[in-house]
Structure formats: C-alpha cells, structure tokens
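**Student:** After the sequence you'll find the predicted model.
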Amino acid sequence: MTPQQLRVVYKDHHFIAVAKPSGIATTAPDDGPCLFALVKQLDPNAPQLHPLSRLDTQVSGVLAFARTGWANQLVLEARRTGHLMRRYLGISAQVPEPLSGDWRSAIAIDARDPKKRRAVAANERGAGTKEAHTRYQLRASAGSLYALDLWPQTGRTHQLRVHAAEASCPLLGDVAYDGVKRLVLANGRILSAGRVMLHCAELHLPHPDSGIGTLRLELEVEPDMAKLWAAAGGQPDQLNRPLSPQT
C-alpha cells in the first residue's frame, strides 16, 4: 500500500484522520511497514504526529492522528478522564445476553501466548491485571448474524475481542478468541469471514479550536463487512445509520 492509496477522512492544523483498512498494523517497531509510517509520508509537514489509538491489524475503521502537541494532550486528558468517545461495530454469530449492558472483566496477558489477552475473574486478579470496561448494545440482526455497537471505556489491548468472547458472542472471524471463520446458514449457504469483523465507526475528539469544540468523525463499514451482512439478509443502512448520542 502507498500513502496515496490512503483515504483521508479529515484534516486540519491539529488532526489528520484516515480510513484504516484491515491487514495493516497501526504502528510497528523500528519504523517497519505500518499505517503510522504511511501517514508520516502522506503528511510530512505535520509539526508532530501522534496516533490517538491503535487498531489491531485485522481491524478497520477511522483512525486519527494528532498533528500538534496541544491536540495530543487534549485527547490524552479526555482518555484519562473517560471522556473519549469511540464506537466500534462488531459482527457476531451469537447474540449477547442481555441485549445491552456493560462488560467489566479485567484483562491480563495470556500466559500460554503473550501476544494474546484473557479475561480475569474477580477472585484471581493479580500482578499485570488491568481493569477494563466496555459498553455494548445489539444494533441489528440479519439471519444468523448480529451487529453490535461497542463503546470501550478503557483502552486495553484486544479489549473488545476478549470481552465479546467472554460474553459468549465472539466476533466473527476472530479465531484467536473463539470466533468462527465460516458459518452455514439455514439455506445451506456458507459465509466466510477473512478477518476479525470489527470496525471503528465513530470517534469524538476534543478540539483545540473553541469554534469546533468536539470533532465528530464517522466512517462506514468496509465492503467485506457490508457484503457479509448482506449475504445473511441484512441491509447496509443497518450497519451505517447514525445513532443517538451514547447515554
């Protein structure tokens, strides 16, 4: 992928936001191939450049970078105080019970595989365990598929994927956390997920310009998610229609 192939969702003096495709890491050690390196090439005149979140390699969605130290500090403070709103869209082959609520299991590194994380029960929390909180809501259903809106209240590695799996509704395609890649519909049709069905659909950022206040960025789901949803009988607007503000 080249910098010119990136889709810029928004840009001003303080922020640049791009549409992250699945299949590329947000950052990489030693300036290896990653989205951050592409954005640096695309925006070489940025005073500074700070990724404001780190979407997993297989996850798509809107990803913003602070172009100034002022903007970066505002976002860090919003994250610290729990005022950074991020909404993800996930697709699962299982419906959550109840249909909306909070997932609060703490998260720790999986001792069997340090690249993975695991949910930790309240009675076994120890060193290295981090509190985690996700709000969720069933958005829509299509045949055997369920679209979930997910609002991370904390920012732990693999948090949404781990919480969904622990709630018995792992994300489609997420084989690392018990999700299936293939699903047989009632009519015998086979659906295949080539990656984790998770997309950052909405991001609200505090903006240094008082005339803007809060910068609201939204991005429709990637074609592979829309195609999978449609194959199960769903309509594209079910995944992309605007939501009322989170309460």
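**Tutor:** Good, I have the coordinates.

**Student:** which neighbours does the helix or strand containing residue 199 have in its sheet, and in what orientation?
**Tutor:** Per DSSP states H and E: residue 199 is located in strand 198-206. Taking DSSP bridges as the criterion, strand 198-206 sits next to strand 60-66 (parallel), strand 85-92 (antiparallel), strand 214-218 (antiparallel) in its sheet.

**Student:** Among those strands, show me which one is buried the most.
**Tutor:** Of the strands paired with strand 198-206, the one with the most neighbours on average (mean count of other CB atoms under 10 Å) is strand 60-66, at a mean of 25. Glycine gets a C-beta too; all of them are placed from N, C-alpha and C.

**Student:** tell me the angle the helix or strand encompassing residue 227 makes with strand 85-92.
**Tutor:** Using DSSP H and E, residue 227 falls within helix 223-231. Inter-element angle recorded for helix 223-231 and strand 85-92: 50 degrees (by axes from the mean of the first three to the mean of the last three CA atoms, to 10 degrees).

**Student:** Which helix or strand lies directly C-terminal to helix 223-231?
**Tutor:** Past helix 223-231, the next helix or strand by DSSP H and E is helix 236-240.

**Student:** can you pull the buried residues of that next one?
**Tutor:** By 16 or more other CB atoms under 10 Å, the buried positions in helix 236-240 come out as residue 239.

**Student:** what's next to it, contact-wise?
**Tutor:** 89, 139-140, 142, 147, 201, 220-221, 225-226, 229-230 (CB atoms under 8 Å, 6 or more residues apart in numbering).

**Student:** which ones are touching residue 34?
**Tutor:** 24-28.

**Student:** and the most centrally placed residue in the chain, how far is that from residue 89?
**Tutor:** Nearest residue to the geometric centre of the chain (CA atoms, centre = their mean): residue 200, 4.0 Å. Going from residue 200 to residue 89 by CB to CB, to the nearest Å gives 8 Å.

**Student:** Send me stretch 198-211 as PDB with only the CA atoms.
**Tutor:** Included here for stretch 198-211 are C-alpha records, laid out as PDB according to Å, rounded to 0.1, in the frame of the first residue of the first chain:
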ATOM      1  CA  LEU A 198     -14.600  -5.300  13.900                       C
ATOM      2  CA  HIS A 199     -14.600  -1.700  12.600                       C
ATOM      3  CA  CYS A 200     -14.100   1.700  14.400                       C
ATOM      4  CA  ALA A 201     -17.200   3.500  13.100                       C
ATOM      5  CA  GLU A 202     -17.200   6.700  15.200                       C
ATOM      6  CA  LEU A 203     -14.700   8.900  17.100                       C
ATOM      7  CA  HIS A 204     -15.300  12.100  19.000                       C
ATOM      8  CA  LEU A 205     -12.200  14.200  19.800                       C
ATOM      9  CA  PRO A 206     -11.800  17.400  21.900                       C
ATOM     10  CA  HIS A 207     -10.600  20.100  19.500                       C
ATOM     11  CA  PRO A 208      -8.300  23.000  20.500                       C
ATOM     12  CA  ASP A 209     -10.400  25.300  18.400                       C
ATOM     13  CA  SER A 210     -13.300  26.500  20.600                       C
ATOM     14  CA  GLY A 211     -15.300  27.100  17.400                       C
END
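
**Student:** what sits up against the longest helix seen in the chain?
**Tutor:** Counting residues, the longest helix found in the chain (DSSP state H) is helix 69-80. For helix 69-80, contacts defined as CB under 8 Å, 6+ apart pick out 14-15, 47-48, 50, 52, 66, 84, 155, 205-208.

**Student:** Using ChimeraX, define a selection of the buried residues within those residues.
**Tutor:** Only the buried entries of the contacts of helix 69-80 go into this ChimeraX selection, using 16+ other CB under 10 Å:
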select :14,15,50,52,66,84,205,206,207,208
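
**Student:** Output the below-cut-off pLDDT ranges for the protein.
**Tutor:** 123, 243-247 (pLDDT under 70).
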